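A.B. asks: Just to be clear, the model below is a prediction. Sequence and coordinates:
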Amino acid sequence: MQSQYGHVYNHDPWAHNYDRNVQNEADPIRTGYEATLDWVIEQANIHPADCVLELGSGTGNLTVRIPECRQITCVDLSEKMTTQARAKLAGCTNIHFVQADVLAYLADDSLHAGAPQFQADSPQFQADSPQFDVLVSTYTIHHLTEPEKQQLFAHIHRRLRPGGRAVFGDLMIADQATELRVQQHFRDIGQPEVAEDIDEEFFWYVDAAQAGLAALGFQVQIERFSALSWGIAALKLD
Ligand SMILES: C[S@@+](CC[C@H](N)C(=O)[O-])C[C@H]1O[C@@H](n2cnc3c(N)ncnc32)[C@H](O)[C@@H]1O
């Protein structure tokens, strides 16, 4: 199972100036970027024994913030973004990079081949399906369609151990009913390109994400950092 638009949003074409672009917090798409990444790490509450999965690791801007832990698995489709992440994280021996679609990675156990083996007596071990303590992801899941996001949540629930945490920071809108108003707002203030981005991509609907995660048995917390950047922290209850 692949996400429908992975080939479109593989960031290879944008890798060369990605890190410069995200520093432009005057751009509404980028406003709150640093604060969102910091919040995701704070909420993830990563411990030294934890195995962490990062979806859409890009150039490693979130990865470099991850504190000492047992193992980090970084998944991204883009070879060029990952090359930059590898350079930033050179010397870290607990990181494993996987070039794959995030939905495919979660769905397909065979893509986990090559990942460090969990010990049979460790809490992460499950013979048929590797599990993680913590999942983090920033500014990636808005490349998945709405139904794909719900599929992703179900896979994440399966991949997280009980008590595990999934923490997201991304481009979001409160609900579908608000979307047209938000787009009009950006046209009114002379930023039609932001309205087009909202049209072309799949900014999260916060209410749908919250409902989908809660229905799976996650306890959900939401935070807002700017007009478009929000955070969602989901704790797997059992
Ligand atoms: C906007 S960047 C975010 C990178 C990083 N997480 C950050 O916060 O700066 C989105 C990343 O997701 C990757 N990506 C997009 N769709 C993907 C998919 N379906 N599967 C895997 N990676 C994907 C892109 O290649 C890119 O590196």
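C.D. replies: Nice, thanks for sending it over.
A.B. asks: Ramachandran coordinates for the residue nearest to the spatial centre of the chain?
C.D. replies: In the chain, the residue lying closest to the centroid (CA atoms, centre = their mean) is residue 137, at 2.0 Å. Phi and psi for residue 137, reported as degrees, to the nearest 10, are phi -160, psi 130.
A.B. asks: Please look at it and residue 63 and confirm they touch.
C.D. replies: No. Using CB atoms under 8 Å, residue 137 makes no contact with residue 63, being 11.1 Å away. C-beta here means a position set from N, CA and C on the backbone, and glycine is covered the same way.
A.B. asks: tell me, what's touching those two both at once?
C.D. replies: residue 54 (CB atoms under 8 Å, 6 or more residues apart in numbering).
A.B. asks: Give the next helix or strand downstream of the helix or strand where residue 210 lies.
C.D. replies: According to DSSP states H and E, residue 210 maps onto helix 206-216. Counting by DSSP H and E, the next helix or strand C-terminal to helix 206-216 is strand 218-224.
A.B. asks: Report the mean per-residue pLDDT for that next one.
C.D. replies: Mean pLDDT, strand 218-224: 98.
A.B. asks: Low-confidence stretches in the protein?
C.D. replies: Applying pLDDT under 70 to the chain flags the ranges 113-130.
A.B. asks: the strands in the protein, which residues?
C.D. replies: Assigned by DSSP state E, the strands in the chain fall at 51-55, 71-76, 95-99, 132-138, 160-173, 204-205, 218-224, 229-236.
A.B. asks: one step back: report the beta-bridge partners for the residue nearest to the centre of the chain.
C.D. replies: Assessed by DSSP bridges, residue 137 has beta-bridge partners residue 168.
A.B. asks: one step back: what angle do the helix holding residue 210 and strand 160-173 make?
C.D. replies: Angle, helix 206-216 to strand 160-173, by axes from the mean of the first three to the mean of the last three CA atoms, to 10 degrees: 170 degrees.
A.B. asks: how far out from the middle of the chain is stretch 147-160?
C.D. replies: 12 Å (CA atoms, centre = their mean, to the nearest Å).
A.B. asks: Quick check: buried residues in that stretch?
C.D. replies: 148-153, 155-157, 159-160 (16 or more other CB atoms under 10 Å).
A.B. asks: cool, and stretch 196-215?
C.D. replies: Result for stretch 196-215 [16+ other CB under 10 Å]: buried residues 197-198, 201-207, 209-210, 212-213.
A.B. asks: Alright, calling it a day.
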